Every structure is written in C-alpha cells, then in structure tokens.
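Participant: just the structure for this:
(one chain, ligands or ions: 1)
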Amino acid sequence: MSSIAVLNAGSSSIKFAVFQSAAEPLLLLKGQIEGIGATPRAKLSDAKGNVVLQEELPREGFDHAAATQTMMRIGARWLDGKDIVAAGHRVVHGGAEYSAPLLLTDQIIDRLAAFVPLAPLHQPHNLAVIRAIRSAYPQLPQTACFDTAFHRSQPPIAQTFAIPRKFSDDGLRRYGFHGISYEYVAGRLRAVAPAVAEGRVVIAHLGNGASLCAVRNGRSVASTMGFTAADGLMMGTRCGSIDPGVLVHLMDQYGFGARELEDFIYRRSGLLGVSGISSDMRTLRASRDPAAKEAIALFIYRIVREIGSMAAALGGLDALVFTAGIGENDAATRAEVAAGCGWLGLTLDDPANQRGETLISAPQSRVGAFVIPTNEELEIAKRTAEIIRGAPAT
Ligand code: AMP
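Facilitator: As a prediction, this is how the structure comes out:
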C-alpha cells in the first residue's frame, strides 16, 4: 500500500501527517518534532489521535535537516510496508507567479529560495526540509502547496498597494495567506451547498492566525492578509491592520528597530497584547477580567468591520463560513460576529449554532451561515496525489 507524507515546517517544529494514497486520502499517522534548536522531541499519534510514540531527541546539531531524517526514520518504522511515494509540503510563499500546487524540481526549489525575503520567518524552514528530503531520497517526488496560491485569482487592483510604482514592481503587493485552508473549505462548501458555493461567500479562518477571504464562485477576489500574514484581523498575538504612522512613531519615540517592530507586530499584540492575559480564546472566554472581555470585543469588532469590506469587494453577501480553531469551536464568537452582520441580512439559528452544526443560519436568513472544519493536511495530500498521478516518470 502506498502513502503520502505531508509536511509543514515552522521555525522550531516540523508537523507531519501520513495519508494512504487515494483520490480521498485516508489519515494513517500524525506527528511532530518540536523544540528544534532548544529541546527537541518527537510525538506520533495514530489516526484516532492516540499517542503511539514520544521520544526525547539529542540536542547537539539537531537542525531542520536532522529533524527531517528523524521524522522519516520514525515514520518508516511505524508505517512498516506502506511505502511513502511522495512528500507534499506546505510552502508559505509562491510569490506572484505560482497559482497552483506543483511538482518540485531543482529549478523551482531555487526559484522558491528567491522568495525568502518575502517570508523570512517561514520560507527558509520549508526549503530546509525540502532540500533534506531531496538529498536523502533523490527519487522521491515532492510537491509544494502554497499559502499564497489561492489568491492569485484576485483582480490586480485587490493585490496593489497605493505606493510608488517602483516598490510595487519590486514585489511589494498583497499576496494573501491561509490559501490552502480556503481552498479546502471552498471545496467542502461546494460539496455541502453547491448553489451557495457559486455565489458571494466570505470565509472566516479564525484561529491563532486569523483572516477573511472573499470568494466568488470558488475563487478568491479579496482577502484581509496582504504582503505578510500580519495584516487584516486582530489575531492571537498579531495586531492586524495598523496605522503605518504608529510604526514610524515607535521608531522615532521608542527607538524601535526592525526586530523590535517585528516582535511588537507578530508576538506582543493581538488578543495577548490587549488582554495582557493570553492569546488563547478559551482562556479569555473563561476569564472574568475586563481586559479579557475588551480583547474579545475588539477581536469581534475587527472581524465585523472587515466582513463589511469583503462584502463590498463581492458586491453583496450570500454566505459566511466559519473555520479554524475559534471559528469551528467557539459558538459565542460566531454568535457575536453574526449579530454584527444583521445589517447584511444574516440571522443565526441559535440552537444550531450552539451545537456547531454545518448550517447555522435561520431558515428566513437572507445570508447563509456555515461551520466547515478546515483540514490543510488533507488538502495537501489530495493535491499531491493528483500531481503524482499525472506526473511524468523521472
Ligand atoms: P488554530 O490556530 O486554528 O489551532 O486555533 C487556535 C485557537 O482556537 C485558540 O485561540 C484556541 O483557544 C481556539 N479554540 C480551540 N478550541 C476552542 C474551543 N473549544 N472554544 C473556543 N476556542 C477554541
């Protein structure tokens, strides 16, 4: 039996999943190596989520390449007999040119390296794992699915900043992210509500990272994330859209340099920064501290305002879809967002929302509301299976 490995490399971790290769891939194993560069450890779970292995790993020289080797060794031990026939990678940046998943070649890997300055926190780790696999298993087909690709269907005006043209020509433009999740959710919506999926839909990916995507007939027309994944909504630790003058002020008056600005924007703001308590929605919902309530209120306010902006880009709204950790699990967030969208014609079915059903809008609601769990690993496995089925022999 053949299987597909799906890899998602971050700065200090590599998450992986193994699927039985088929048109509808079936999850076999899930795992991660965490603490790369500090205290590395491996964890592996079966398809039901039962932990089947936990292992401390040597610290000395344990980088992304070593982590990749360890992962393949552990995976092979557990998979016994189920050959891995391809590796599919989540790659954060496909630049302006890659609008679909693809089979990786040496030339394309070099091209992806040119996008490192566009995503310095993620792209180098994605490439380190791709290269480590290429050197250990040169014959293994590898694919890349890009977080940016789904958004390349946006009209040029939605991808453009109002800045001097020279900088736009240099690549300073809106790329959009969370595209693998949006592609998966848009596909699921097509399966559960085909007529709705042809219309004007806003998908709200509300997790630790959060963004909205305006989708018409399954294609992205606008999104809240832009040049980086810091733009748009308030997030767990990211501030989202901010007056650019604030950044100049922080440099002038607080002596901030680039790294301090990065820390401020990506790690000290959002739900964590405003509450002073946590970036985790569950902790904030459980807290009686007024600062926790303020942080949640601001999170909701920003979502509602940006839904208005997405609806304007679509020329109206037929459906709103919630996904990711908060969107899938926090009925209160869905109810509060929906209340702010009453003016667009959205009325929730409260009991259906409490139960987290797929369709949560009331029968008389002009705008449909849905909860559709995302599954980025499955999307990568599917696309990888499609690519290797059509791939020419190497
Ligand atoms: P993600 O990045 O998609 O894994 O989402 C992480 C976010 O989802 C965190 O803010 C969690 O607190 C939130 N989350 C996960 N489960 C729940 C839940 N049952 N209720 C409320 N928030 C949740």
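Participant: CA atoms for contacts and neighbours, from now on please.
Facilitator: Will do.
Participant: can you read off the pLDDT for the closest residue to R152 other than its chain neighbours?
Facilitator: Once flanking residues are discounted, R152 sits nearest to S99: 5.6 Å by CA to CA, 6 or more residues apart in numbering. Confidence at S99, expressed as pLDDT, is 96.
Participant: swap in the one 5 residues further on?
Facilitator: With respect to pLDDT, L104 scores 98.
Participant: quickly note the distance from it to A331.
Facilitator: For L104, the distance to A331 (CA to CA, to the nearest Å) stands at 41 Å.
Participant: hmm, who's touching the worst-scoring helix or strand of the chain on mean pLDDT?
Facilitator: Ranked by mean pLDDT, DSSP states H and E, the weakest helix or strand in the chain is helix 64-79, scoring a mean of 84. Helix 64-79 is contacted by residues 14, 33, 36, 83, 125, 128-129, 132-133, 136 when judged by CA atoms under 8 Å, 6 or more residues apart in numbering.
Participant: and the least confident of those?
Facilitator: For the contacts of helix 64-79, the pLDDT minimum is D83, 86.
Participant: show me the contacts for that one.
Facilitator: Contacts of D83 (CA under 8 Å, 6+ apart): 1-3, 76.
Participant: one more time with 10 Å
Facilitator: 1-5, 20-21, 76 (CA atoms under 10 Å, 6 or more residues apart in numbering).
Participant: I'd assumed G316 was in a helix, is it?
Facilitator: No - counting by DSSP: H, G, I helix; E, B strand; the rest coil, one finds G316 to be coil, located in no helix.
Participant: how about it, phi and psi?
Facilitator: With angles defined as degrees, to the nearest 10, G316 sits at phi 130, psi 180.
Participant: the closest residue in space to it that isn't next to it in sequence bridge partners, please.
Facilitator: Closest residue to G316 apart from its sequence neighbours, by CA to CA, 6+ apart: R200 at 6.7 Å. Taking DSSP bridges as the rule, R200 bridges to R216.
Participant: isn't I265 right up against D243?
Facilitator: No - judged on CA atoms under 10 Å, I265 makes no contact with D243 at a distance of 11.9 Å.
Participant: compare neighbour counts for those two and give me the winner.
Facilitator: When neighbours are counted by other CA atoms under 10 Å, I265 and D243 differ, and I265 comes out ahead with 21 against 8.
Participant: I'd like the average pLDDT over stretch 329-338.
Facilitator: 98.
Participant: separation between the residue in the stretch 1-150 of the chain positioned nearest to the ligand and G240?
Facilitator: The stretch 1-150 of the chain approaches the ligand most closely through K15 (12.9 Å), counting by CA to the nearest ligand atom. The gap separating K15 from G240 is 25 Å, by CA to CA.
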